[in-house]
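A.B. asks: Predicted model, plus sequence, below.
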Amino acid sequence: MSLALLCSGQGRQDRDSFSLLADAPAAVPAFAAAAAILGDHPANFCRTAPIATLHANREGQILCVTRALAAAAALFPNGVPADTIVAGYSVGEMAAWGIAGVWPPAETLRLVDHRARSMDVAGGPDDQLAYVRGLPRGTVERLAERFGCAIAIVNPDRLFIVGGPRSAAEALCAAALREGAARAAPMAVHVASHTPRLAGAVAPFAAALAAIPTQRPTLRLMTASGATLVSRPQQALAGLAGQVAETIDWAELLEALGERGVTRILELGPGRALADMAAAVLPIAEVRALDDFRGLAGARAWLTA
């Protein structure tokens with residue numbers, strides 16, 4: 001078995017994001033690191049915070065990275081097998097670097113906090129991500145240019161994430177539907193991640209990354225910057241910082257997993273959007289999401305079957 005762990009981006013966090021993990025002893029370091037930033041245990045934070053707060057840019061990024069860090073620790077209390085590939089979607093890449101041991105949980109989440117704050121300062125007060133499914137890339141690029149938006153993420157099966165001002169993103173979605181898109185709508189992410197609107201966030205985030213010592217990955221860490229494996233983190237920091245203002249090609253990364261012989265994939269969540277995409281691109285692989293299981297025991301059994 002060649003395993004890949006996928007770390008989700010923000011947008012799917014909800015009241016039950018930590019229901020499977022709250023009592024896992026191995027997840028305590030991740031939860032403690034998150035509580036130091038959020039002011040509360042993340043499970044309680046998800047249960048009690050207003051929905052708008054759960055989907056705010058800063059809180060959403062912290063919660064999603066905490067979920068992945070906690071999930072990996074809970075599933076592999078003795079350590080993730082060294083031949084595992086770990087990769088992350090959008091802010092999920094920060095979780096992937098943490099799971100791979102480049103930074104400990106506390107430093108990982110402090111960097112996520114800095115990333116989110118830098119993005120909030122650089123972005124517009126009413127920015128928005130939206131999705132368009134079913135149109136060719138050239139058509140989506142033309143619509144994005146027309147409405148002052150940009151493609152943020154390229155996903156398989158003609159699914160594109162676009163970002164820009166809220167009114168522009170909504171207008172783009174309406175025009176995409178008129179052009180024949182299967183679906184198009186705003187998302188619960190209120191920052192234009194991975195577009196030039198966040199160019200001002202790159203330098204401050206790069207400075208924060210440069211200030212934290214890195215360790216060589218203990219796993220096979222794949223970055224969305226070119227779908228390559230990271231062996232020397234210091235040489236990949238510029239790409240990690242630049243991602244906040246550049247298009248991510250997630251379809252290319254999934255294809256790279258197949259080329260490297262991955263036969264089993266687990267999305268750490270929250271949600272199963274990445275699992276669905278991986279299953280479509282890699283039909284010969286066994287693909288599950290942690291949220292498919294009723295408990296950690298079932299997930300562990302599947303991983304070792």
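C.D. replies: Good, I have the coordinates.

A.B. asks: Tell me which stretches of the stretch 51-200 of the chain form strands.
C.D. replies: Secondary structure of the stretch 51-200 of the chain by DSSP state E, counting those that start in this stretch: the strands cover 85-88, 127-133, 150-155, 159-165, 183-186.

A.B. asks: And the pLDDT at the residue lying closest to Arg12 once chain neighbours are set aside?
C.D. replies: Spatial nearest neighbour of Arg12, excluding adjacent residues (CB to CB, 6 or more residues apart in numbering): Gly271 at 3.1 Å. C-beta here means a position set from N, CA and C on the backbone, and glycine is covered the same way. Here the pLDDT value assigned to Gly271 is 92.

A.B. asks: got a list of what Gly271 touches?
C.D. replies: For Gly271, the contact set (CB atoms under 8 Å, 6 or more residues apart in numbering) comprises 8, 11-12, 289, 291.

A.B. asks: From the residues you listed, list the buried ones, please.
C.D. replies: Neighbour-count burial (16 or more other CB atoms under 10 Å) applied to those gives 8, 11-12, 289, 291.

A.B. asks: Pipe those into JSON lines and attach secondary structure and distance to Gly258 per row.
C.D. replies: Shown next, in JSON lines, are these (DSSP: H, G, I helix; E, B strand; the rest coil; distance: CB to CB, whole Å):
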{"residue": "Ser8", "secondary structure": "coil", "distance to Gly258": "20"}
{"residue": "Gly11", "secondary structure": "coil", "distance to Gly258": "25"}
{"residue": "Arg12", "secondary structure": "coil", "distance to Gly258": "24"}
{"residue": "Ala289", "secondary structure": "strand", "distance to Gly258": "18"}
{"residue": "Asp291", "secondary structure": "helix", "distance to Gly258": "23"}
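
A.B. asks: of all the residues you listed, which comes closest to Ala74?
C.D. replies: Relative to Ala74, the closest of the buried ones among the contacts of Gly271 is Asp291; by CB to CB it sits at 13.5 Å.

A.B. asks: mind listing what the closest one touches?
C.D. replies: 20, 267, 269-272.

A.B. asks: Go again with 10 Å.
C.D. replies: The contact partners of Asp291, by CB atoms under 10 Å, 6 or more residues apart in numbering, come to 8, 12, 16-17, 19-20, 67, 71, 267-272, 275, 299.

A.B. asks: now do Glu170
C.D. replies: Counting by CB under 10 Å, 6+ apart, Glu170 touches 128, 130, 147, 164, 184-186.

A.B. asks: just Ala256 next, same as before
C.D. replies: Counted by CB under 10 Å, 6+ apart, Ala256 has contacts 85, 87, 222, 224, 226-229, 249, 262.

A.B. asks: could you dump those residues to TSV with neighbour count and pLDDT?
C.D. replies: Compiled in TSV, these are given as follows (neighbours: other CB atoms under 10 Å; pLDDT from 0 to 100):
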residue	neighbour count	pLDDT
Ile85	22	98
Ala87	29	98
Met222	26	98
Ala224	26	95
Gly226	13	93
Ala227	20	95
Thr228	14	96
Leu229	16	97
Asp249	18	98
Val262	25	97
